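Student: only geometry, no sequence info:
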C-alpha cells in the first residue's frame, strides 16, 4: 500500500521530465489538444465498438511498446462526468460518526464513554507546531481548527484526517499479541498500523490469478481467500463512516499473504472502487507539474488513491486504511455513450511523449480519472478537499519507467476530449 505519498520533489524534477519524458508540451502539464485539429468528435465510437476495436488493437508507434500490455475496457454502455462532494457535516456530527465507528468495531453500547480516549490535533500558527489536545479539554476555537481526530483506548485506535477524510481504524491488541511486541502503543495519538508484519509468502493479483480453493490458517482458524475477499468487499462498503459509500462498489485487487509464525498467517488486501462498473483511479500517484505552470491555484488536481485492509481473524477487519471515500451524494453532469477509440488515443499519446524514448506500457484501462477540487487557496494549501471530480479516461501504466525520479508513471487520456495528464510516484 502506498498511503498517499506527498511528492515534495515533484516540482523540482519537472524540468528533467520535460526533457526525458515529454515533447511538444511542458512537463507533466495537463494539455488539452486542439479539438478542431487533433481530436475530432466525429471519431467517437460506442463503448461496444471501442471494446471491439481494442480486442484487435495493433501498435504502430515506435515510442510506445504494447508487447506485454493488458487492455481493459469494461462492459458498460455509458460513462459519466460526475462530482462527489466531500461531507460538510458539523464538527459535532463528524465526532458522532467517529464514535459510531468505534462502537460498531468494538461492540460497545452508548453507555461507554469514548471521549476520555479521544484527542484532536491542529496546527497552532503562533507556536508553529501541531498540538495534540484531549477532546474534553478543547476549546470551541480549537474545535473549529481541528485537522485530526484520534482515539486510542489501549486496544483499538482510530484516526481521521478531516482534509481528505483519510481514516485508519484497527484493533492492535491482536497483531501485537501474535508478534510478541511489548511496546506500549496506548499513548500514541496516531494509533497503530497493522500492516507489513511478518514476511510475505505469496501474492495474488486477482486480475489474473485464480484463488479458488486456497486458504491459510489465521489466528482463529482457516479462512479461504474467496471467503475473505467477499467479506472484505461487503464490509468495506457497508460498515463504517469515512470508509464506504453506497454509491461505490469495492473490489479487492491484490492479496498479500504474510506469515507471522510457523502456523499463523494474515491477509493484506489492496482495494479499489468502481461506479456502475467503471473503476475510479486506484493508482496512488500525484499529478506531475512544474512549478509556475498554472496560474490557477484552484485548478482541480489529479490524484489517485487506493484502500487497504488487514485480516488477522476470520469475520473481522483487523486494520483499515481509506482515503477520500466520504461520499454521501453524487452529481452526474454529463452522460456519454461514445468515446474515443484506443487507436486515436494512442496516436495522441505518441505525439505527446518524447519521440526518442520507448515507453513500455504494462496496462491500459478505461476508468474514471479522479481530481481533487478545492474551495479556496487557503484550504488548498492545507489540503482540504471540497469535492472529487471524475471523468472517463484511458489510464496508461508504465511500471518500468527507467527514470530515477519515479518508480511508476501514468498517462491519463480523456476519453472524450483527448486531454492528457501525467502522474507519477
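Tutor: Noted; the coordinates are in hand. All values reported here derive from a predicted model rather than from experimental measurement.
Student: which parts of the stretch 201-350 of the chain are strands?
Tutor: 215-218, 221-224, 249-259, 265-275, 278-279, 286-287, 301-302, 307-311, 319-322, 331-336, 338-339 (DSSP state E, counting those that start in this stretch).
Student: was I right to think residue 118 contacts residue 133?
Tutor: No - contact between residue 118 and residue 133 fails when scored by Cβ atoms under 8 Å: they sit 10.0 Å apart. Backbone N, C-alpha and C define where each C-beta goes, glycine included.
Student: what about residue 423, distance to residue 397?
Tutor: As judged by Cβ to Cβ, to the nearest Å, residue 423 and residue 397 stand 10 Å apart.
Student: more neighbours: which of residue 118 and residue 133?
Tutor: More neighbours surround residue 118 than the other of residue 118 and residue 133, with 22 against 17 (other Cβ atoms under 10 Å).
Student: look up the closest residue to that one, ignoring the ones flanking it.
Tutor: Counting by Cβ to Cβ, 6 or more residues apart in numbering, residue 118 lies nearest to residue 135, which is 4.3 Å off, once chain neighbours are set aside.
Student: burial count for the one you found?
Tutor: Residue 135 has 20 neighbouring residues, counting by other Cβ under 10 Å.
Student: quick check on it: phi, psi?
Tutor: Taking degrees, to the nearest 10, you get phi -60, psi -30 for the backbone angles of residue 135.
Student: which residues touch it?
Tutor: Counting by Cβ atoms under 8 Å, 6 or more residues apart in numbering, residue 135 touches 95, 115, 118-120, 149.
Student: and those, which is closest to residue 192?
Tutor: Among the contacts of residue 135, residue 119 lies closest to residue 192 (Cβ to Cβ), at 14.7 Å.
Student: can you list the low-confidence ranges for this structure?
Tutor: 1-38, 88, 285-286, 289-298, 404 (pLDDT under 70).
Student: thinking again about what came up before, relative to residue 355, which of the strands of the stretch 201-350 of the chain is closest?
Tutor: strand 286-287 (23.1 Å).
Student: adding distance to residue 194, write the strands of the stretch 201-350 of the chain out as a markdown table.
Tutor: Compiled in a markdown table, the strands of the stretch 201-350 of the chain are given as follows (distance: least, Cβ to Cβ, whole Å):
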| stretch | distance to residue 194 |
| --- | --- |
| strand 215-218 | 13 |
| strand 221-224 | 16 |
| strand 249-259 | 11 |
| strand 265-275 | 8 |
| strand 278-279 | 26 |
| strand 286-287 | 26 |
| strand 301-302 | 30 |
| strand 307-311 | 5 |
| strand 319-322 | 3 |
| strand 331-336 | 36 |
| strand 338-339 | 41 |
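Student: got a markdown table for those strands, with mean neighbour count and distance to residue 79 too?
Tutor: Compiled in a markdown table, those are given as follows (neighbours: other Cβ atoms under 10 Å; distance: least, Cβ to Cβ, whole Å):
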| stretch | mean neighbour count | distance to residue 79 |
| --- | --- | --- |
| strand 215-218 | 17 | 37 |
| strand 221-224 | 14 | 34 |
| strand 249-259 | 19 | 15 |
| strand 265-275 | 22 | 9 |
| strand 278-279 | 20 | 6 |
| strand 286-287 | 21 | 21 |
| strand 301-302 | 22 | 17 |
| strand 307-311 | 25 | 22 |
| strand 319-322 | 25 | 24 |
| strand 331-336 | 12 | 5 |
| strand 338-339 | 21 | 7 |
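Student: what residue is smack in the middle of the chain?
Tutor: With distances taken as Cα atoms, centre = their mean, residue 305 lies nearest the centre of the chain, 1.2 Å away.
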